[in-house]
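A.B. asks: Need coordinates for the below:
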Amino acid sequence: MIVEQLYTSCLAQGAYYIQSEGEAAIIDPLREYKTYTDLALKNNAKIKYIFETHFHADFVSGHLDLSAHTGAEIVFGPNAQTDFKSTIAADNQEFKVGKLTIKVLHTPGHTLESTTYLLLDENKHPHCIFSGDTLFIGDVGRPDLAIKSDLTQFDLAGMLFDSLHNKIMPLPDDVIVYPAHGAGSACGKNMSKETFDTLGNQKKTNYALGKLTRDEFINELTSGILPAPQYFAKNASLNKNGYGNYDKITSNGTRPLSIRETEDLLKTTNAIILDVRKPHEFAQGHIAHSIFIGIDGQFAPWVGALITDLKQAIILITPENREAEAVMRLSRVGYDNCIGFVEGGIDAWIKSGKEVSTIKSISAYEFAEAYNATNLNVLDVRKPGEYESSHLENVKSNPLDFITDWEGTLNKEKEYHIHCAGGYRSMIAVSLLKRKGFHKLIDIAGGFGAIEKTDVRTVSKACASKS
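C.D. replies: Below is the predicted model of the structure:
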């Protein structure tokens with residue numbers, strides 16, 4: 001028996017490879033299907049099934065391309081309806097993979113079709129569960145993402161309570177819990193950084209499996225939920241209704257573009273330049289009106305949160321030889337209209353005599369000196385929880401996630417100093433504001449982590465000040 005977790009940190013997502021007697025199954029695959037076909041080839045196995053725990057909202061799953069290349073059967077749980085060929089399993093239905101059995105446990109609550117797959121070993125002993133977004137390590141799935149449901153989040157939260165107590169908690173304590181996500185995902189509120197655990201330990205440590213009454217559980221689960229990123233509903237729809245061919249998308253996106261071709265496309269289409277280099281490299285020089293979202297970070301989720309049109313034509317500026325990676329990671333969240341990359345990158349742009357824009361970036365100590373001497377307009381673009389934990393005195397929260405909501409309150413004649421936690425998100429915010437005509441913007445290198453090491457006064461959650 002082989003059970004392998006394939007964890008993708010930038011998406012905080014877990015896919016799974018299961019094998020027995022030359023047969024394999026994949027749980028919740030990503031778009032790049034060769035990861036799974038190569039693994040099966042290496043292990044001399046044939047992929048028989050592709051199991052989906054639900055219609056994922058935070059990424060586009062790879063079931064269609066993987067099935068097309070392997071002939072594997074796509075399986076969803078009860079209540080699912082798809083626009084492509086799939087098997088809609090019944091509750092408690094069993095599927096054989098070699099000597100192993102995968103049992104369907106319908107666990108609605110996160111969504112109506114949410115399903116947990118119980119893996120039974122060759123002796124029919126429960127070995128592990130693939131819990132999708134029903135049960136995370138330290139948390140459970142949010143109940144507000146169901147597609148076209150007439151049920152409220154309170155109804156779904158109640159269903160999730162029943163699913164946990166009737167289907168999952170009765171399982172043996174030594175069963176391993178393999179969830180679809182870990183810390184960093186927007187599919188829950190407070191997931192652990194651990195990516196798997198025993199069910200017994202989760203019963204002891206996970207609040208959702210504690211002694212909450214049904215009403216208390218519903219109240220806890222529906223309190224403090226931030227709005228879902230705008231791309232979630234769009235990705236869920238793609239997973240339900242289908243999407244374009246991954247190989248074609250990759251081929252189109254990795255087409256090298258000359259400077260002339262780039263300029264022509266910018267003039268004749270609605271294409272945007274997406275610069276995925278490091279923040280300091282973008283600050284030192286970039287093509288005017290570029291959007292910065294660095295590939296060395298939570299690249300795909302931030303693209304999904306901030307570029308609102310999945311069909312947006314995108315031209316890439318990338319670090320050398322990372323074009324294919326960028327296209328792949330864009331496709332993971334449904335941005336399939338990358339039309340090429342600037343050959344030679346920013347260096348080629350400069351060598352051709354084209355102008356570049358720059359961004360002023362100062363150290364935390366330079367900022368502290370100015371901040372202590374005079375009143376500055378400061379934008380803290382971290383998430384609300386980070387802000388609540390500790391922030392600068394007299395500085396409001398302006399989360400990057402909701403920049404379209406607050407950018408209209410800014411004055412283009414004023415100067416703004418912008419920081420996040422470490423410098424990644426602040427540079428994204430600067431690039432987006434520059435596109436809207438804000439030019440008096442100063443990035444604080446190192447973000448709040450560097451600011452805290454200066455003598456600037458901060459306010460913590462406990463209302464303690466630092467002098």
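
A.B. asks: For residue 341, see how far away residue 258 is.
C.D. replies: 11 Å (Cβ to Cβ, to the nearest Å). Backbone N, C-alpha and C define where each C-beta goes, glycine included.

A.B. asks: These two: who's more crowded?
C.D. replies: Ranked by neighbour count (other Cβ atoms under 10 Å), residue 258 and residue 341 place residue 341 first, with 25 against 14.

A.B. asks: Look up phi and psi at that one.
C.D. replies: phi -130, psi 150 (degrees, to the nearest 10).

A.B. asks: same question, residue 17
C.D. replies: phi -120, psi 130.

A.B. asks: That one pairs with what?
C.D. replies: Judged by DSSP bridges, the bridge partners of residue 17 are residue 4, residue 26.

A.B. asks: could you list every residue that touches it?
C.D. replies: By Cβ atoms under 8 Å, 6 or more residues apart in numbering, residue 17 lies in contact with 2, 3, 4, 6, 24, 25, 26, 36, 39, 40.

A.B. asks: chain center to the helix or strand containing the fourth one: distance?
C.D. replies: Using DSSP states H and E, residue 6 maps to strand 2-8. Distance of strand 2-8 from its chain centroid, counting by Cα atoms, centre = their mean, to the nearest Å, is 18 Å.

A.B. asks: what comes into contact with it?
C.D. replies: 13-20, 30, 35, 39, 43, 119, 127-128, 178, 182, 195-196.

A.B. asks: And stretch 314-330, by the same measure?
C.D. replies: 10, 31-32, 249-250, 253-254, 257, 262, 265-266, 271-278, 286-287, 290, 295, 299-300, 303, 307, 335-342, 345-346.

A.B. asks: what's the answer for stretch 32-44, then?
C.D. replies: With Cβ under 8 Å, 6+ apart, stretch 32-44 has contacts from 2, 4, 6, 15, 17, 19, 22, 24, 26, 29, 46-47, 62, 65-66, 69-70, 246, 328, 332.

A.B. asks: ok, now stretch 66-77?
C.D. replies: Stretch 66-77 is contacted from outside by 26, 29, 33, 36-37, 40, 46-54, 63-64, 82, 84-89, 91, 95, 104, 106, 113-115, using Cβ under 8 Å, 6+ apart.

A.B. asks: Show me how the record splits the chain into domains.
C.D. replies: 2-234, 244-351, 360-460 (automatic domain parsing).

A.B. asks: Quick check: residue 443 vs residue 453, distance?
C.D. replies: From residue 443 to residue 453 the distance is 17 Å (Cβ to Cβ).

A.B. asks: Look at the two and report which has more neighbours.
C.D. replies: A count of neighbours by other Cβ under 10 Å puts residue 443 above the other of residue 443 and residue 453, at 26 against 12.

A.B. asks: returning to that earlier point: mind checking which of the contacts of stretch 314-330 land in helices?
C.D. replies: 249, 250, 253, 262, 265, 266, 299, 300, 303, 345, 346 (DSSP state H).

A.B. asks: Closest one to residue 210 out of the residues you listed, please.
C.D. replies: When the ones in helices among the contacts of stretch 314-330 are ranked by distance to residue 210 (Cβ to Cβ), residue 300 comes first, at 33.4 Å.

A.B. asks: What residues does that closest one make contact with?
C.D. replies: Counting by Cβ under 8 Å, 6+ apart, residue 300 touches 10, 11, 59, 329, 330, 332, 333.

A.B. asks: switch the cut-off to 6 Å
C.D. replies: 329, 332, 333 (Cβ atoms under 6 Å, 6 or more residues apart in numbering).

A.B. asks: Equivalent analysis for residue 419, please.
C.D. replies: So residue 419 contacts 426, 444, 447, 448 (Cβ under 6 Å, 6+ apart).

A.B. asks: Quick check: phi and psi at it.
C.D. replies: phi -140, psi 150.

A.B. asks: Rebuild the ones in helices among the contacts of stretch 314-330 as JSON lines, extending it with distance to residue 220 and pLDDT.
C.D. replies: Listed next are those as JSON lines, based on distance: Cβ to Cβ, whole Å; pLDDT from 0 to 100:
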{"residue": "249", "distance to residue 220": "40", "pLDDT": "97"}
{"residue": "250", "distance to residue 220": "43", "pLDDT": "96"}
{"residue": "253", "distance to residue 220": "42", "pLDDT": "97"}
{"residue": "262", "distance to residue 220": "51", "pLDDT": "96"}
{"residue": "265", "distance to residue 220": "50", "pLDDT": "96"}
{"residue": "266", "distance to residue 220": "49", "pLDDT": "94"}
{"residue": "299", "distance to residue 220": "32", "pLDDT": "95"}
{"residue": "300", "distance to residue 220": "29", "pLDDT": "95"}
{"residue": "303", "distance to residue 220": "31", "pLDDT": "97"}
{"residue": "345", "distance to residue 220": "48", "pLDDT": "96"}
{"residue": "346", "distance to residue 220": "48", "pLDDT": "96"}
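
A.B. asks: Quick check: of those, which lies closest to residue 137?
C.D. replies: Closest to residue 137, out of all of these and judged by Cβ to Cβ, is residue 300, at 21.7 Å.

A.B. asks: Helices of the stretch 151-300 of the chain, residue ranges please.
C.D. replies: 153-163, 199-205, 214-221, 231-241, 246-253, 259-268, 279-284, 299-306 (DSSP state H, counting those that start in this stretch).

A.B. asks: out of these, nearest to residue 375?
C.D. replies: Of all these, helix 279-284 comes closest under Cβ to Cβ, at 24.7 Å.

A.B. asks: Counting neighbours, which bits of that closest one end up buried?
C.D. replies: Across helix 279-284, burial judged by 16 or more other Cβ atoms under 10 Å covers 279, 281, 282, 283.

A.B. asks: Show the secondary-structure elements that that helix is packed against.
C.D. replies: Applying 3 or more Cβ pairs under 6 Å, 6 or more residues apart in numbering; DSSP states H and E, we find helix 279-284 packed against helix 424-435.

A.B. asks: The helix it packs on packs against which elements?
C.D. replies: helix 279-284, strand 291-292, strand 416-419, strand 441-444.

A.B. asks: Tell me the helices and strands packed up against the helix or strand harbouring residue 131.
C.D. replies: Here residue 131 sits within strand 126-132, counting by DSSP H and E. The elements that strand 126-132 packs onto, with contact taken as 3+ Cβ pairs under 6 Å, 6+ apart, are strand 115-120, strand 176-179.

A.B. asks: Looking at those strands, spot the one closest to residue 369.
C.D. replies: Per Cβ to Cβ, nearest to residue 369 of the helices and strands packed on strand 126-132: strand 176-179, 46.2 Å.

A.B. asks: got the CA positions of the closest one in CSV?
C.D. replies: Only the C-alpha atoms of strand 176-179 are listed here, as CSV (Å, rounded to 0.1, in the frame of the first residue of the first chain):
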residue,chain,number,x,y,z
ILE,A,176,-5.1,9.4,9.9
VAL,A,177,-6.8,12.7,8.8
TYR,A,178,-5.6,13.9,5.4
PRO,A,179,-7.3,17.3,4.6
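
A.B. asks: Need the contact partners of that strand.
C.D. replies: With Cβ under 6 Å, 6+ apart, strand 176-179 has contacts from 16, 128, 129, 130, 131, 136, 196, 197, 199, 202.

A.B. asks: residues touching the fourth one, list them.
C.D. replies: Read that as residue 130. 16, 27, 117, 178.
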